[in-house]
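K.L.:
with the sequence up front, the predicted model follows.
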Amino acid sequence: MYTEQQFSIPALNGISEKTIEEHKKLYAGYVKHANLIMDHIKELSQDAEKNVYEINELQRRFAFEWGGMRNHEVYFALLEGGANTDAPTLKAAIEKQWGSFDAWLARFSAIAMTRGIGWAMLYLDTKSGELVNGWVDEQHLGQLVGCVPVVALDMWEHSFVADYQPSGKKQYVTDFLAQMNWSVAEKNFSAAISGHTKTA
């Protein structure tokens, strides 16, 4: 069974407490439905041959719920503890790969402005040990195999429209990145690097 995590997020500039609370409810739904689907698959698997089509479709749906659950856990954790720019190892890796932190920030922000619903992601590729930017459609389509999320920015409308209106999407991106707790991103990066070192 997957467990709903609890997040303590301080008052934010631009992103309202109401939006965060509603957002957390959506996250709780992903956890709930990931569990329900796995339970149902287990039941159907008692006669897997007979129920093969239903199992297959549920497995597809599970990827959506799973992505919604795990992506949100990264997103909310990045907002815990208040704004913090302390991420020396991660920022050094970003600067090495993109030339400067600001160059990466501009590129990542542009990815976040992708038309449609989804997620802007900064990953660590556990095979090469390099950082990779990515865009995920919905919650799951386009997740990069072998990559661990370091930064996850929710670009579904529910994350910003109530506070910013559709036209304020760019300001939401700016506000989120300015209020991120980069020390959490640093921990994500360090944990991913450790996994890379162990499996390399």
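P.N.:
Received, thanks.

K.L.:
against residue 143, how distant is the residue nearest to residue 85 when sequence neighbours are not counted?
P.N.:
Excluding the flanking residues, the one nearest residue 85 by Cβ to Cβ, 6 or more residues apart in numbering is residue 182, at 5.3 Å. Heads up, the C-betas are built off the backbone N, CA and C, glycines and all. As defined by Cβ to Cβ, to the nearest Å, residue 182 lies at a distance of 23 Å from residue 143.

K.L.:
same question, residue 4
P.N.:
Taken as Cβ to Cβ, the span from residue 4 to residue 143 is 21 Å.

K.L.:
residue 15 now?
P.N.:
Taken as Cβ to Cβ, the span from residue 15 to residue 143 is 24 Å.

K.L.:
now residue 188
P.N.:
When distance is defined by Cβ to Cβ, residue 188 is 15 Å away from residue 143.

K.L.:
who has more neighbours out of those two?
P.N.:
Ranked by neighbour count (other Cβ atoms under 10 Å), residue 188 and residue 143 place residue 188 first, with 23 against 19.

K.L.:
for the helix or strand where residue 169 lies, give the mean pLDDT please.
P.N.:
Here residue 169, judged by DSSP states H and E, is contained in helix 169-179. Helix 169-179 comes out with an average pLDDT of 97.

K.L.:
output the following helix or strand past it as CSV, nothing but the C-alphas.
P.N.:
Once the chain leaves helix 169-179, the next helix or strand it forms, by DSSP H and E, is helix 182-199. The C-alpha coordinates for helix 182-199 follow below in CSV (Å, rounded to 0.1, in the frame of the first residue of the first chain):
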residue,chain,number,x,y,z
TRP,A,182,16.9,24.4,-3.1
SER,A,183,18.3,22.4,-0.2
VAL,A,184,15.6,19.8,-0.9
ALA,A,185,16.6,19.7,-4.5
GLU,A,186,20.2,19.3,-3.3
LYS,A,187,19.1,16.3,-1.3
ASN,A,188,17.2,14.8,-4.3
PHE,A,189,20.4,15.3,-6.4
SER,A,190,22.7,13.7,-3.8
ALA,A,191,20.4,10.7,-3.3
ALA,A,192,20.2,10.2,-7.1
ILE,A,193,24.0,10.6,-7.4
SER,A,194,24.4,8.0,-4.7
GLY,A,195,22.2,5.6,-6.7
HIS,A,196,24.2,6.3,-9.8
THR,A,197,27.5,5.6,-8.0
LYS,A,198,26.2,2.3,-6.7
THR,A,199,24.9,1.0,-10.1
